[in-house]
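**Q** heads up, no residue letters with this:
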């Protein structure tokens, strides 16, 4: 972070991400900005006066400045801002920008509860029970606002008087799927909705795996309730392992799929045989590294 990080710097970062000079990816641009502690400096390096179309360059920067001002009411943060969630900075694929509706605390103890859109009645029951149990323990329930397991988890957390965070695969001004409009607005009012995409961005095939990575990074762990062989929850479980985040799998997902076999012997991956065991393991994980070590030692002794 830098004291010089202001709206001009934020606008330069937005302009860089939009124009991608030299074909640099967002991740590469983020690293370059971080190394310089300045987006404006990087912009000027790629756009020296007199060498390119200065009118187009100026237009891109001015447009970004206007957008940064208009985004204040949406809750706009860059990775260089002090209020950017510290837990997201811990992962290698953290988003360079973040939009949010609702309260974004400096620190948050939360676990992602994810699973299939085409969930079974048993899966939905487990999701509701787990989310309510986490809410009772003052642990934030994080999910992706998709139908099925996500909706069950969000709703149960709210109805239990707990906090929930929706990490969405569109911009924050969109509602997707449309049937979840009321729930999304309720979460924005009572909890938090966050997105790494421009505010009016539609859903795309790539946006949901990217959303899963942010969900994994924002939470201390991922709980997979029920997920098929090609589910986004399967992708998130793998991302969580790559992030060094614990993963809790229900025996329901382990029994019915082949993909968990790739993960169950990995450090930090737990299989729970009941809802009570899911919540107990989640409590250990939410308590921090010392409790995780104790859980691993107990499993080894058992």
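**A** The structure has been received and is ready for your questions. Just so you know, these numbers come straight off a predicted model, no measurement behind them.

**Q** residue 224 contacts residue 233, doesn't it?
**A** Yes - contact between residue 224 and residue 233 holds when scored by C-beta atoms under 8 Å: they sit 5.0 Å apart. C-beta: built from backbone N, CA, C; applies to glycine.

**Q** okay, and the common contacts of the two?
**A** Taking C-beta atoms under 8 Å, 6 or more residues apart in numbering as the contact rule, residue 224 and residue 233 both touch 114-115, 253.

**Q** when residue 224 and residue 233 are compared, which one has more neighbours?
**A** Between residue 224 and residue 233, counted using other C-beta atoms under 10 Å, residue 233 has the larger neighbour count: 31 against 28.

**Q** the more buried one contacts residue 116, doesn't it?
**A** Yes - counting by C-beta under 8 Å, residue 233 touches residue 116, with 6.7 Å between them.

**Q** which secondary structure element is home to residue 211?
**A** helix 207-218 (DSSP states H and E).

**Q** could you give the mean pLDDT of that helix?
**A** Here helix 207-218 scores 96 as its mean pLDDT.

**Q** that one: what's the following helix or strand?
**A** strand 222-224.

**Q** can you tell me the strand partners of that next one and which way each runs?
**A** strand 110-114 (parallel), strand 247-250 (parallel) (DSSP bridges).

**Q** next SSE downstream of it?
**A** helix 232-243.

**Q** what sits up against that next one?
**A** 90-92, 112, 114-116, 144, 146, 149, 208-209, 212-213, 215-217, 221-222, 224-228, 246-247, 249, 253, 257, 259-260, 262-263, 266, 268-269.

**Q** so where's the protein uncertain?
**A** 1-4, 50-57, 289-302 (pLDDT under 70).

**Q** which stretches in it count as strands?
**A** 76-78, 97-102, 110-114, 140-143, 164-167, 192-195, 222-224, 247-250, 269-272 (DSSP state E).

**Q** which other residues reach the first one?
**A** Residues from elsewhere that reach strand 76-78 (C-beta under 8 Å, 6+ apart): 5, 9-10, 13, 39, 68, 83-84, 96-100, 104.

**Q** buried members of the residues you listed into ChimeraX, please.
**A** To isolate the buried ones among the contacts of strand 76-78 in ChimeraX, judged by 16 or more other C-beta atoms under 10 Å, type:
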select :5,9,10,13,39,68,84,96,97,98,99,100,104
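
**Q** any chance of the contacts of strand 76-78 in CSV, plus distance to residue 163?
**A** As requested, the contacts of strand 76-78 are arranged in CSV below (distance: C-beta to C-beta, whole Å):
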residue, distance to residue 163
5, 29
9, 31
10, 28
13, 30
39, 32
68, 28
83, 18
84, 19
96, 26
97, 23
98, 18
99, 19
100, 14
104, 12
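
**Q** pretty sure residue 215 contacts residue 222?
**A** Yes - counting by C-beta under 8 Å, residue 215 touches residue 222, with 7.4 Å between them.

**Q** mutual contacts of these two, please.
**A** 112, 114, 236.

**Q** right, and the first one touches residue 219 too?
**A** To tie it back to what came earlier, the one meant is residue 112. Yes - under the criterion of C-beta under 8 Å, residue 112 makes contact with residue 219 at 4.1 Å.

**Q** shared neighbours of those two, anything?
**A** Taking C-beta under 8 Å, 6+ apart as the contact rule, residue 112 and residue 219 both touch residue 142.

**Q** that older thread, what inclination does the helix holding residue 211 have with respect to strand 110-114?
**A** Here helix 207-218 runs at an angle of 150 degrees relative to strand 110-114 (axes from the mean of the first three to the mean of the last three C-alpha atoms, to 10 degrees).

**Q** now helix 207-218: how far from the chain's centre is it?
**A** Relative to the centre of its chain, helix 207-218 is centred 4 Å away, using C-alpha atoms, centre = their mean, to the nearest Å.
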